[in-house]
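Colleague: what would the 3D arrangement of this be:
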Amino acid sequence: MKIKSDLELAKYDNAILEVRTDINILDEKIVELLKQRFQLVMQAEEIKQVDELPHLSKEREQVVLENVTFGLSGAQRSYVQEVYQQILASSRELNGITQ
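Modeller: Modelled structure (predicted):
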């Protein structure tokens, strides 16, 4: 078994810290975008109430899922679809919509 030198360990530590910092920055952006999305979902619900439109559109949700998974395959497609299914469920819950 090869023992890593202090220099090798320092490079690893710096590399992982940089990647984790980038992940943290992305997480902050994702949270901000989710907040904006939820605000827009609430606006859409208000419009639906005024215009007496159905509160739930499975067709719209299917279009959203198709759009966000377009060009993805395999595990990435499955993971993104799962994440967005949860986002859609949370959006319905936010507006008090049951299936």
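Colleague: do a quick rundown of the helices in the chain.
Modeller: 6-50, 58-69, 74-94 (DSSP state H).
Colleague: rank those helices by pLDDT, which is bottom?
Modeller: Among the helices of the chain, helix 6-50 has the lowest mean pLDDT, at a mean of 90.
Colleague: which other helices and strands contact it?
Modeller: The contact analysis (3 or more CB pairs under 8 Å, 6 or more residues apart in numbering; DSSP states H and E) places helix 6-50 against helix 74-94. (C-beta placed from N, C-alpha, C; glycine too.)
Colleague: what is the burial count for the closest residue to Thr98 other than its chain neighbours?
Modeller: Excluding the flanking residues, the one nearest Thr98 by CB to CB, 6 or more residues apart in numbering is Arg92, at 7.4 Å. Per other CB atoms under 10 Å, the neighbour tally for Arg92 reads 17.
Colleague: wait, Arg92 sits on Leu56?
Modeller: Yes. Taking contacts as CB atoms under 8 Å, Arg92 lies within contact range of Leu56: 6.8 Å.
Colleague: wait, Glu61 touches Leu88, no?
Modeller: Yes. Glu61 is within contact range of Leu88, at 5.2 Å (criterion: CB under 8 Å).
Colleague: contact partners for Thr21?
Modeller: Listed by CB atoms under 8 Å, 6 or more residues apart in numbering, the contact set of Thr21 is empty.
Colleague: relative to Lys35, how far out is it?
Modeller: Separation of Thr21 from Lys35 (CB to CB, to the nearest Å): 22 Å.
Colleague: swap in Gln62?
Modeller: Distance from Gln62 to Lys35, by CB to CB: 24 Å.
Colleague: ok, Lys48 next?
Modeller: Separation of Lys48 from Lys35 (CB to CB): 21 Å.
Colleague: quick one: stretch 28-38 to chain centroid distance?
Modeller: From the chain centre to the centre of stretch 28-38 is a distance of 8 Å (CA atoms, centre = their mean, to the nearest Å).
Colleague: how about it as CSV, C-alpha atoms only?
Modeller: The C-alpha trace of stretch 28-38 is given here as CSV (Å, rounded to 0.1, in the frame of the first residue of the first chain):
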residue,chain,number,x,y,z
GLU,A,28,-27.4,28.4,-2.9
LYS,A,29,-28.4,29.1,-6.5
ILE,A,30,-30.7,26.1,-6.6
VAL,A,31,-32.4,27.2,-3.4
GLU,A,32,-32.9,30.7,-4.7
LEU,A,33,-34.3,29.4,-8.0
LEU,A,34,-36.7,27.1,-6.1
LYS,A,35,-37.9,30.0,-4.0
GLN,A,36,-38.6,31.9,-7.2
ARG,A,37,-40.3,28.9,-8.7
PHE,A,38,-42.6,28.5,-5.7
